[in-house]
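Participant: Structure of the sequence below:
(4 chains)
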Protein chains: 4
Amino acid sequence: MIIKLKKGATNDQVSHIVEVFESLGMEIKDISGKEYGVLGIVGDTSKLSIRDMEALEGVEKVTRIQEPFKKANRKMQEECTIIDVNGIKIGRGNFTIMSGPCSVESRDQILEVARSVKASGAQILRGGAYKPRTSPYAFQGMELEGLELLKEAKKETGMPIVTEIMSVDLVEKFAEEVDIIQVGARNMQNFDLLKALGKIDKPILLKRGLSATIEEWLMSAEYIMAGGNDKVILCERGIRTYEKYTRNTLDLSAVLAVKKLSHLPVIVDPSHATGKRWMVKKLAMAAAAVGADGLMIEVHNDPENALCDGAQSLRPEQFEDLVIDVKKILEVVGKKM
Amino acid sequence: MIIKLKKGATNDQVSHIVEVFESLGMEIKDISGKEYGVLGIVGDTSKLSIRDMEALEGVEKVTRIQEPFKKANRKMQEECTIIDVNGIKIGRGNFTIMSGPCSVESRDQILEVARSVKASGAQILRGGAYKPRTSPYAFQGMELEGLELLKEAKKETGMPIVTEIMSVDLVEKFAEEVDIIQVGARNMQNFDLLKALGKIDKPILLKRGLSATIEEWLMSAEYIMAGGNDKVILCERGIRTYEKYTRNTLDLSAVLAVKKLSHLPVIVDPSHATGKRWMVKKLAMAAAAVGADGLMIEVHNDPENALCDGAQSLRPEQFEDLVIDVKKILEVVGKKM
Amino acid sequence: MIIKLKKGATNDQVSHIVEVFESLGMEIKDISGKEYGVLGIVGDTSKLSIRDMEALEGVEKVTRIQEPFKKANRKMQEECTIIDVNGIKIGRGNFTIMSGPCSVESRDQILEVARSVKASGAQILRGGAYKPRTSPYAFQGMELEGLELLKEAKKETGMPIVTEIMSVDLVEKFAEEVDIIQVGARNMQNFDLLKALGKIDKPILLKRGLSATIEEWLMSAEYIMAGGNDKVILCERGIRTYEKYTRNTLDLSAVLAVKKLSHLPVIVDPSHATGKRWMVKKLAMAAAAVGADGLMIEVHNDPENALCDGAQSLRPEQFEDLVIDVKKILEVVGKKM
Amino acid sequence: MIIKLKKGATNDQVSHIVEVFESLGMEIKDISGKEYGVLGIVGDTSKLSIRDMEALEGVEKVTRIQEPFKKANRKMQEECTIIDVNGIKIGRGNFTIMSGPCSVESRDQILEVARSVKASGAQILRGGAYKPRTSPYAFQGMELEGLELLKEAKKETGMPIVTEIMSVDLVEKFAEEVDIIQVGARNMQNFDLLKALGKIDKPILLKRGLSATIEEWLMSAEYIMAGGNDKVILCERGIRTYEKYTRNTLDLSAVLAVKKLSHLPVIVDPSHATGKRWMVKKLAMAAAAVGADGLMIEVHNDPENALCDGAQSLRPEQFEDLVIDVKKILEVVGKKM
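Facilitator: Numbering: from 1, shown residues only, chains lettered A, B, ... in the order given. This next block holds a predicted model:
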């Protein structure tokens, strides 16, 4: 941690700053230049908050050198994490496709889509039972009924299921009935929920928040891991920028950044990132090329009549085509699916 | 709602689109030009999702004309809403200052700060009992104990209290013991929480999300109001942009936008917006000048030793100075405090 | 163009609005609903400015339906444009790699790099003679001397050269001596420069501005084309967002958007987008997978001692490795290089 | 400057890094912790580029502590700069309003507006002769004829004139005929233009770029000052963010930041920031409250028929009203106008 002092910082202020850090067990090294007073703080500063340290009299700016995440940090584990979901391996050379409709809408719909995506090569079935919708007047999901239908689809096809949780109340139920529990972008910093998920033994798919930095995203993973659950799968789904042609801006460099900073697997969701069906396949191929560990792809048997996000859902035959082309990319990058 | 058709849209596709909208009770007007087919959709489209409509074959782009919020809409209520908190009026010509520490840290601290901010002119006491922290290793608030201390401070000073809720489980308790329930920026789209808050009869302070559009923010207010609770106070607290000199970028034009679009009161939090103590007073004055209905200001008796956000907390004497200068601005703009 | 009227717009105001548009040769269709007055404007509105129309009394908001660019528009030319640079074809199924150092620094440096990138498969040599630097105290390029060295490297290797122009004064010289003239991100809306480049007959490489929308970018291409020069190659090089781990955020969905909206070729520059050498190859592969028409890659024989942007420059052997892997992706997507 | 080393950096790499900095005349202090190697570099690092230093083998990340601007830095001059424009003082306790139409459109228009804004209290006349327009098909300004009309308006009213320059070719002419030369947001990093303006002795109004950081903005001021012209007035005019309700997001905290970092005067342009006439007055008051040194306000005698940006131009009577209310705020903050 680097402390830049204010120009007119008094000796008393500096002594006090030094005392504070020493009392926290840190070592202080003076690296001041002609124009600026600068202190280098040596020690485990991961638990210190930059803003708290900036409150000290005489401090102008505090810069963190050490990453604030520990368990999620690649430095703690050189090797990539593998997460096993009912025998399907995610991460470390494996490529996993999760696919299904945005929302579960009916028994026929989810069964038909499940069979179809399985036939095309998807390994895990996604489907929303509880839906976060911007409008209170929009369809909010089939809720428990939707969850039952997902379980039925799992039973029939053998595919593990991933679905979004929105409430702490449901953690126990989801822990029993769902194979991967998804935390949506809007809940990435719902810390109560993250803490509750840290206490169970179930893989968590953690979507990047709408405007989360990579560090904040990894800190949310850290929340789950700090509780004892280290089965976290990250999912890049586009970030909010000034550009409005696409719903969000897919940040594929984040995949590389996460892989450098962390040992956790990271998959890509091009459907939510763009909101445009015709962009999904090409960006899925790009995600595979850049080194993602998998994809989450929305597929609907009848996107026109979808109750949610039809514009970004592929038809089954489009998904089949996507898998074929993604596999060709996987051959180039040496991943197996 | 305006439907721009794809260049090669077939007659069948267009007929189908027309059918869909007619079945939803809409009237369709053809406003196509030479180069583009365009349909104008007349009727109550507020419940339709743009993305769902973009899923229809032959549709290139859907543009909403009508705002999707109803109860929060100025069009539903010309007059500004007043919210009464134990006799203190918020909105419609009143100016209200909520002040106190970021976190409740001890009995002495909260009582001392409460007395001090009251003496300086604050009407409502803020203080965090449950704290959303980016790091799982950071101080998470005194929780229930903090709430008890806030109640004690209320008892002694007579000031109503506002504090942040992070969990649906606590809605009932907060509804009984807190005067204004705060929803933090990170939970602005925690829809489960919003729904629960819609069912109680207690003022809600709804902070703008880190990267929420004004429309999304009003839609979150709509969630609460749709449930039956129309006592929503909005709070602008800075948005995330590329500029990193300040913690966030305070968007004072949002105050004007909200006042045009909605009848709800809107206050400004310059402490969280900037993260810098020395910016707070001037931006508080600017917020008063632009027409905000109040302020939320962090004050700490000992910011150096604050357990959270000391860098942005004013000392009591700085807060007193702020109130004096803000009052001068209020005279200019004709607001009473 | 859609005109949303203010709630209390008077009949006189509406009549006046109608008159204005009729006088501009437009047809007006009333598509008002219960809550809003809305007018659909039919005709060629591409030359009308949204903001000017919003100045009319009684108008609340103006929405454009028709794209404002014409010559760059895919609707004007179904087929992808091919640009021929000394026999090298850019666009429509061809994949072109432009490579070389950020700056020309010495005769030895540029010749060595030129030979090396040619041997690895680059078709066009890049190198900055005039450098836009944030600091006036930083190396500003070798200028004319750098241009001479580029010409020498071209003579020796036979590779066409691309280099950045920063001043209208040099348009004539560049038109004679350079094969592709690059407009940098900071000058994307230097309209005087664009106009001057519109009057010559030489391919222009137009980088996307730091925070340019896709529409603004195409409008800058339109500036060049409106002057008579339709040889425009677009280059995505990352956009400015809140995320600071990478220098910019590479927006690969923009490649897809540009290809849909326009017939112009678009290449990708992962070096500037990320500022990180170790990210370049993977993002180059992703760019090829998504359908870009080529790449611009920085290579330096001695990145440690580069006078500019060494951190993002590949060493020759890294570039060779990149080309090998990009070619494998090109096989998958069916492009030739 | 702080150098964070890569985890596996070799001794040779570290020695080499040390050598490089020593050869640049820097002193190196080791402030490594257990997990990270970190070097503190002491000396004048303002001319070093972060990215160049990141190119060194073994370096993970470089952080700048010292600001890279010198002449614009408050540390070089404690006292606020005053710029004298024909006897009108800008900065250091003075408040200056520049007002006039977006574009000069006719003799009658500019004379009428000039008389009117002068009568209301504006001290300096603005008007665009050369206009940067996104579309090549839009009105590009009256150019030289417009400049002549501005001079006529100056002659009649005695008001100094400010107008935008877009081309290096016109620097000489503008230096003779214009009182303040404006550099628009799109040209903030047109370094050739900045260099040319550094060589003349005339006040420059430097608008903040669409997505310029405060540091980049001050670095562009530094370009002008490095050439010898230290008469730079900064102008905040809104930045590009994800929020689209307003044209840009006015960043009033930037005024405070600039005043802390630099001694240069800074004014605010709420017209361009919002693009909405009805927002201008309130934000002008807020700008005065926050401590800006002045305003730039668009006024048009007939905004409906303006050839450019009518939607954001006030009518003369609205401007008069604005000045009255801004003056009341100035009394509060103790500034004279």
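Participant: Let me see the ranges of the helices in chain A.
Facilitator: Applying DSSP state H to chain A gives helices spanning A:11-23, A:50-54, A:107-120, A:144-157, A:171-177, A:191-198, A:214-226, A:253-261, A:270-274, A:277-290, A:316-333.
Participant: Any idea which of those helices has the lowest pLDDT on average?
Facilitator: With a mean of 83, helix A:50-54 has the lowest mean pLDDT of the helices of chain A.
Participant: so, in contact with chain B or not, it?
Facilitator: Yes: with Cβ under 8 Å from any Cβ of the partner chain as the measure, helix A:50-54 is seen reaching chain B through A:Arg51, A:Asp52, A:Met53, A:Glu54. The way it works is simple: take the backbone N, C-alpha and C, and place the C-beta from them, glycine included.
Participant: In PyMOL, how would I select the buried members of those residues?
Facilitator: One line in PyMOL is enough to select the buried members of those, burial here meaning 16 or more other Cβ atoms under 10 Å in any protein chain shown:
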select buried, chain A and resi 51+52+53+54
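Participant: Can you redo the helices of chain A as a markdown table, where the extra columns are distance to C:Pro136?
Facilitator: Converted to a markdown table, those look like this (distance: least, Cβ to Cβ, whole Å):
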| stretch | distance to C:Pro136 |
| --- | --- |
| helix A:11-23 | 34 |
| helix A:50-54 | 31 |
| helix A:107-120 | 57 |
| helix A:144-157 | 61 |
| helix A:171-177 | 57 |
| helix A:191-198 | 46 |
| helix A:214-226 | 32 |
| helix A:253-261 | 30 |
| helix A:270-274 | 39 |
| helix A:277-290 | 37 |
| helix A:316-333 | 44 |
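Participant: Could you provide the ones you listed in a markdown table, with additional columns for distance to chain D?
Facilitator: Conversion of those to a markdown table gives the following (distance: least, Cβ to the nearest Cβ, whole Å):
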| stretch | distance to chain D |
| --- | --- |
| helix A:11-23 | 13 |
| helix A:50-54 | 13 |
| helix A:107-120 | 33 |
| helix A:144-157 | 31 |
| helix A:171-177 | 32 |
| helix A:191-198 | 24 |
| helix A:214-226 | 13 |
| helix A:253-261 | 10 |
| helix A:270-274 | 15 |
| helix A:277-290 | 19 |
| helix A:316-333 | 24 |
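Participant: between the ones you listed, which gets nearest to B:Ser313?
Facilitator: Nearest to B:Ser313 among the helices of chain A is helix A:50-54 (9.8 Å), distances taken as Cβ to Cβ.
Participant: So is the closest one next to chain C?
Facilitator: No: applying Cβ under 8 Å from any Cβ, one finds helix A:50-54 separated from chain C by no less than 14.2 Å.
Participant: What residue in the stretch 51-200 of chain A comes nearest to chain C?
Facilitator: Closest approach between the stretch 51-200 of chain A and chain C, counting by Cβ to the nearest Cβ: A:Glu67, at 11.1 Å.
Participant: separation between that residue and chain D?
Facilitator: Remark: distance between A:Glu67 and chain D (Cβ to the nearest Cβ, to the nearest Å) = 9 Å.
Participant: now swap in A:Glu78 and tell me
Facilitator: Using Cβ to the nearest Cβ, A:Glu78 is found at 10 Å from chain D.
Participant: Next, count neighbours for the closest residue to that residue other than its chain neighbours.
Facilitator: Take A:Glu78 and drop its neighbours on the chain: the residue closest to it by Cβ to Cβ, 6 or more residues apart in numbering or on different chains is A:His263, 7.4 Å away. Neighbours of A:His263 under the rule other Cβ atoms under 10 Å in any protein chain shown: 21.
Participant: can I assume A:His263 is in contact with A:Glu79?
Facilitator: Yes: A:His263 lies in contact with A:Glu79 (Cβ atoms under 8 Å); the separation is 6.6 Å.
Participant: for chain C, what are the nearby residues on the stretch 101-250 of chain A?
Facilitator: A:211, A:213-215, A:239, A:241-246, A:249-250.
Participant: can you pick the most crowded of these?
Facilitator: That'd be A:Leu250 among these, by other Cβ under 10 Å, with 30 neighbours.
Participant: any idea how far it lies from A:Arg240?
Facilitator: Computed as Cβ to Cβ, to the nearest Å, the A:Leu250 to A:Arg240 distance reads 12 Å.
Participant: go on, A:Ser23?
Facilitator: Separation of A:Ser23 from A:Arg240 (Cβ to Cβ): 41 Å.
Participant: Give me the more crowded residue out of the two.
Facilitator: Ranked by neighbour count (other Cβ under 10 Å), A:Ser23 and A:Arg240 place A:Arg240 first, with 24 against 8.
Participant: how about that one, what does it touch?
Facilitator: Contacts for A:Arg240 (Cβ atoms under 8 Å, 6 or more residues apart in numbering or on different chains) come out as A:Leu210, A:Ser211, A:Asn248, A:Thr249, B:Ser211, D:Tyr242.
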